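**Student:** With the input below, show me the fold.
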Amino acid sequence: MPSKPKTPHLIDQQAAKRFKLVRKFLKLNQSETAEICGSSQAMISKIEKGVKEIPQQAIKMLFIKKNISADYLINGSVNMEFKKSGGSELVTNIRELQAEMEIMKSQLWMLMKERGLKAI
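**Tutor:** Reported below is the predicted structural model:
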């Protein structure tokens, strides 16, 4: 029995526009953004053109290094910047956990929205 062709995953074009807006807000070129995100300039270009999704690692690194809200990148929340805090190792670890939690929260919200479910 032949397998079903996979439905292509739609890229959120608004998220791609927000990603580019963030880069411009930070006054970075694509290469500098790639360095922060742990990616390549070519990948940043594809993200901004809406050809590739924003990788979770890029979202996390923008949150940790530049205080850019993951919720803003994923869902378009009102606030682009997240609250800033100190620079100790403990604070850095907490910020990494905050970034991961914000990403998961935003992804859960998107799934609920796609399925027509309301938040409790």
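
**Student:** alpha carbons only for contacts and neighbour counts from here, please
**Tutor:** Fine.

**Student:** Quick one, grab the pLDDT at Ser106.
**Tutor:** Looking at Ser106, its pLDDT stands at 83.

**Student:** In terms of helices and strands, where is the closest residue to it other than its chain neighbours?
**Tutor:** Distances taken as C-alpha to C-alpha, 6 or more residues apart in numbering place Asp71 nearest to Ser106, at 5.6 Å, with adjacent residues excluded. Here Asp71, judged by DSSP states H and E, is contained in helix 70-75.

**Student:** How far does the following helix or strand past that helix sit from its chain's centre?
**Tutor:** Helices and strands here follow DSSP H and E; after helix 70-75, the next one along the chain is helix 89-114. On the basis of C-alpha atoms, centre = their mean, to the nearest Å, helix 89-114 sits 10 Å off its chain's mean C-alpha point.

**Student:** coming back round to it: with only the CA atoms kept, save the helix holding Asp71 in CSV.
**Tutor:** Provided in CSV are the C-alpha atoms of helix 70-75 (Å, rounded to 0.1, in the frame of the first residue of the first chain):
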residue,chain,number,x,y,z
ALA,A,70,9.9,34.1,22.5
ASP,A,71,6.1,34.8,22.7
TYR,A,72,6.6,37.9,20.5
LEU,A,73,8.5,35.9,17.8
ILE,A,74,6.1,32.9,17.8
ASN,A,75,2.7,34.5,18.5
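
**Student:** my guess is the residue nearest to Ser106 meets Met104, correct?
**Tutor:** No - counting by C-alpha atoms under 8 Å, Asp71 stays clear of Met104, with 9.4 Å between them.

**Student:** as a whole number, average confidence for stretch 62-77?
**Tutor:** For stretch 62-77, the per-residue pLDDT averages 87.

**Student:** who are the neighbours in contact with the residue nearest to Ser106?
**Tutor:** 77, 102-103, 105-106 (C-alpha atoms under 8 Å, 6 or more residues apart in numbering).
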